[in-house]
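Student: this is the structure alone, sequence omitted:
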């Protein structure tokens, strides 16, 4: 049951307000002055404040200021008997949620209170979500032992507090460019607003301008109402322009002007709005090549390339693969509710030797699939679906009972011994770890499996 603090220097009005609150099912607390209200707040949890504006000593404006400094999320409804709409509007400008006139209508009072409490619920829920996101998207959550990655994270941490600096993150698909961008956002001195992302490659050219800057009603066919763009939604926070290399040239010129002047205009409007957000761009393409080909503006390249960060592909940091596997398995244990003891030596060797064209994203998907397939034991090569058939241990052609081995080995590790070890490991996994069965299937001595 919500607790509401009512503040008014007029005893009759205060008692009447407390009566209405009690009748509506709330727990009322009362104070006859701003100072008394602050004392009550120090001793009691309060969900909402209803305060008169004009009181002797500490008036409603000063109380509003004090509450905002000490208790940021408590909604305040101001109430005045003098019909001073100007004063109420000024109070809202200073942070009040809404205002009511005396004498208060019980029905209108309850509606306004409920709206304010709903607002409080959303604010507190958003704070919880932001807290979880800060915990998830931090530099500490990006696990690595690789010296190049460590240096990258150090550079990213240094630029995180430079909110006006445009950052360009380069890397192949699946390397974690957006994860790094979010870590920069949440490390940037607790940016008050959110993280907004737009994929420049996924939106048709004729819609991308409206998506970024918004539009006014009647700006084009189908624009039957005003719409806010991503620059508006990201105000005070971070705007991620994903795959900026696919942005059309006509829009590149407009983006350049926005980044230079820090102002933008909605489609169909001549009114300029501030572009008050950090801009991070990502791409899996070489922008210098696109500039040379005339497909990306050179002046825009220099504008977005202020602070470049290069995320290496997974094949160039194989030393991170065991650590990444354990990190992903920890997440999957919670997500799937399975014990997942770990990964067999043969499976880990297979993962470290694989070239991972889809990078960390592919590794995560591979492990999730394997975690679902395993029956509680170690994840083995047959669970991974890397460099082999993945169906069901798999005679391919029932007419001659043939068995197919599809094996991928990096060129620098190709040898007869490696091929033999892979075939032994795959067969043993298909036979459920039964060395006698596997040796019988391959027509070799059982002792051949003791080194696998």
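Tutor: Done, it's in. These numbers come from a predicted model, not from an experiment.
Student: okay, and the helix or strand of the protein with the least pLDDT?
Tutor: For the chain, counting by mean pLDDT, DSSP states H and E, strand 395-397 ranks last in confidence among helices and strands (a mean of 35).
Student: determine the number of other residues adjacent to the nearest residue to residue 202 once chain neighbours are set aside.
Tutor: Nearest non-adjacent residue to residue 202, counting by Cβ to Cβ, 6 or more residues apart in numbering: residue 243, 7.9 Å away. To be clear about C-beta, it is placed using only N, CA and C from the backbone, and glycine gets the same treatment. Residue 243 has 18 neighbouring residues, counting by other Cβ atoms under 10 Å.
Student: pretty sure residue 243 is touching residue 290, no?
Tutor: No: under the criterion of Cβ atoms under 8 Å, residue 243 is not in contact with residue 290, lying 11.7 Å apart.
Student: shaky segments in the stretch 351-452 of the chain?
Tutor: 387-413, 429, 432-433, 447, 449-452 (pLDDT under 70).
Student: mind redoing it with 80?
Tutor: Low-confidence segments of the stretch 351-452 of the chain (pLDDT under 80): 376, 386-419, 421-422, 425-441, 443, 445-452.
Student: buried ones in stretch 163-175?
Tutor: Within stretch 163-175, the residues scored as buried using 16 or more other Cβ atoms under 10 Å are 163, 166, 167, 168, 169, 170, 171, 172, 174, 175.
Student: list of residues touching that stretch?
Tutor: Residues outside stretch 163-175 that contact it (Cβ atoms under 8 Å, 6 or more residues apart in numbering) are 159, 177, 180-181, 184, 188-189, 191, 259, 278-284, 287, 303-314, 358-362.
Student: the residue nearest to residue 181 when sequence neighbours are not counted: which element?
Tutor: The shortest distance from residue 181 to any non-neighbouring residue, by Cβ to Cβ, 6+ apart, is to residue 280 (4.7 Å). According to DSSP states H and E, residue 280 maps onto strand 278-283.
Student: so what are the sheet partners of that strand and their directions?
Tutor: Strand 278-283 pairs in its sheet with strand 167-170 (parallel), strand 238-242 (parallel), by DSSP bridges.
Student: and residue 89, which of those is closest to it?
Tutor: strand 238-242 (31.5 Å; Cβ to Cβ).
Student: what is the subsequent helix or strand relative to the closest one?
Tutor: helix 249-261.
Student: could I get the average pLDDT for the helix or strand that that following helix is followed by?
Tutor: Counting by DSSP H and E, the element after helix 249-261 in chain order, helix or strand, is strand 263-265. Averaging pLDDT along strand 263-265 gives 92.
Student: does anything pack onto strand 263-265? Which helices or strands?
Tutor: Applying 3 or more Cβ pairs under 8 Å, 6 or more residues apart in numbering; DSSP states H and E, we find strand 263-265 packed against helix 205-213, strand 272-274.
Student: roughly how far is that strand from the heart of the chain?
Tutor: Distance, stretch centre to chain centre, for strand 263-265: 26 Å (Cα atoms, centre = their mean, to the nearest Å).
Student: can you confirm residue 64 is in a strand?
Tutor: No: assignment of residue 64 by DSSP: H, G, I helix; E, B strand; the rest coil gives helix, placing it outside any strand.
Student: that older thread, how about the strands paired with strand 278-283 in CSV, adding distance to residue 103 and mean pLDDT?
Tutor: Shown next, in CSV, are the strands paired with strand 278-283 (distance: least, Cβ to Cβ, whole Å; pLDDT from 0 to 100):
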stretch, distance to residue 103, mean pLDDT
strand 167-170, 56, 97
strand 238-242, 47, 95
